[in-house]
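Trainee: Turn this into a structure:
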Amino acid sequence: MSARSVNLGGTGVSRLDPGIREYVGLRELYLHENQLTSLPDWVGDLTELRILDLSHQPLKVLPDSLGRLQQLEFLYVSDLAIGELPSSLGNLSALLYLGATDNGLTSVPESLGRLGNLLELRLYGNRLTELPDAYGDLHALRELHLDRNAIERLPATFDQLTNLRVVSLRANALMEFPVQLSRLPLLRHLDLRANHLTGLPDLPPTAFPALEKLDLRWLDLPVVPEWVHALTTRGCAVYRTAA
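Mentor: Modelled structure (predicted):
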């Protein structure tokens with residue numbers, strides 16, 4: 001049998017039909033919004049897959065065999081019942097997008113720092129307090145979404161993420177302003193709303209050279225330094241809670 005795409009999303013399946021492994025050249029497999037609680041290891045044999053969507057169901061464990069999907073480009077594993085991501089995901093060298101939101105994760109594998117082609121990483125709605133330093137090696141990354149976690153600080157290595165365009169850190173526990181982001185040449189949007197920051201550092205007027213939007217709402221900032229005013233003069237939209 002041959003098929004490029006199989007869409008079983010929202011069909012209520014609780015067990016994966018082993019007949020799927022007979023499809024030669026399968027590139028897209030949509031299993032979202034079902035009742036799966038586990039996946040068979042043979043999913044890792046679907047080595048032609050480019051898209052795998054497992055989101056929104058009571059899936060408890062992701063098998064290590066997913067790391068064999070060497071051509072996978074898009075992986076959706078949001079809103080599951082998993083306690084962790086397998087470290088084998090760091091083997092997905094072709095991955096462009098990883099969405100692992102709303103899982104209650106308390107940590108993420110250091111191995112994800114090997115995903116050299118990753119463009120977008122979404123980890124919002126978890127319980128993360130930190131990210132591994134190795135994520136500074138995600139040199140292709142353009143978007144990083146970390147809203148609604150408990151992150152206190154970003155790794156110093158993040159000044160190496162020179163392709164980043166969007167960083168969203170709304171509703172975290174940041175105690176320190178992420179100065180390392182101020183040096184990123186392509187960063188356009190930075191959302192720091194509802195963190196624990198009580199002040200902003202002194203930065204040179206050249207900080208955030210490409211920034212178009214800076215969201216500082218719901219922060220206790222009695223003093224706003226000159227570089228923030230310089231951003232506004234430059235045309236950057238700066239959002240602050242009214243005093």
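
Trainee: could I get stretch 157-170 in CSV with only the CA atoms?
Mentor: Extracted in CSV, the C-alpha atoms of stretch 157-170 (Å, rounded to 0.1, in the frame of the first residue of the first chain):
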residue,chain,number,x,y,z
THR,A,157,24.5,31.2,25.9
PHE,A,158,21.4,32.7,24.4
ASP,A,159,23.5,35.5,23.0
GLN,A,160,24.5,33.0,20.4
LEU,A,161,21.0,32.7,19.0
THR,A,162,21.6,35.2,16.3
ASN,A,163,18.7,34.2,14.1
LEU,A,164,16.0,34.8,16.8
ARG,A,165,13.2,37.0,15.7
VAL,A,166,10.6,36.4,18.5
VAL,A,167,11.0,35.6,22.2
SER,A,168,7.9,35.3,24.4
LEU,A,169,8.4,35.0,28.1
ARG,A,170,5.1,36.2,29.4
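
Trainee: Now that stretch: average pLDDT?
Mentor: Taken as a whole, stretch 157-170 has an average pLDDT of 98.

Trainee: List the buried residues of it.
Mentor: Neighbour counts over stretch 157-170 (16 or more other CB atoms under 10 Å) mark 157-161, 163-170 as buried. For glycine as for every other residue, the C-beta is placed from the backbone atoms N, C-alpha and C.

Trainee: low-confidence ranges in this protein?
Mentor: Low-confidence segments of the chain (pLDDT under 70): 1-2, 243.

Trainee: those helices in the protein, which residues are they?
Mentor: Assigned by DSSP state H, the helices in the chain fall at 226-233.

Trainee: Please enumerate the strands of it.
Mentor: 5-7, 28-30, 51-53, 74-76, 97-99, 120-122, 143-145, 166-168, 189-191, 213-215, 237-239 (DSSP state E).

Trainee: Mind putting those strands into TSV with distance to residue 225?
Mentor: Shown next, in TSV, are the strands of the chain (distance: least, CB to CB, whole Å):
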stretch	distance to residue 225
strand 5-7	52
strand 28-30	48
strand 51-53	44
strand 74-76	40
strand 97-99	35
strand 120-122	30
strand 143-145	24
strand 166-168	20
strand 189-191	15
strand 213-215	12
strand 237-239	12
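
Trainee: Among those, which comes closest to residue 62?
Mentor: Nearest to residue 62 among the strands of the chain is strand 74-76 (9.5 Å), distances taken as CB to CB.

Trainee: from the middle of its chain, how far away would the closest one be?
Mentor: Between the centre of strand 74-76 and the centre of its chain there are 11 Å (CA atoms, centre = their mean, to the nearest Å).

Trainee: Against which helices or strands is it packed?
Mentor: If contacts are counted by 3 or more CB pairs under 8 Å, 6 or more residues apart in numbering; DSSP states H and E, strand 74-76 sits against strand 51-53, strand 97-99.

Trainee: nearest to residue 113, of those strands?
Mentor: Residue 113 lies closest, by CB to CB, to one member of the helices and strands packed on strand 74-76: strand 97-99, at 12.2 Å.

Trainee: what's residue 120 in contact with, if anything?
Mentor: 96, 97, 98, 141, 142, 143, 144, 145 (CB atoms under 8 Å, 6 or more residues apart in numbering).
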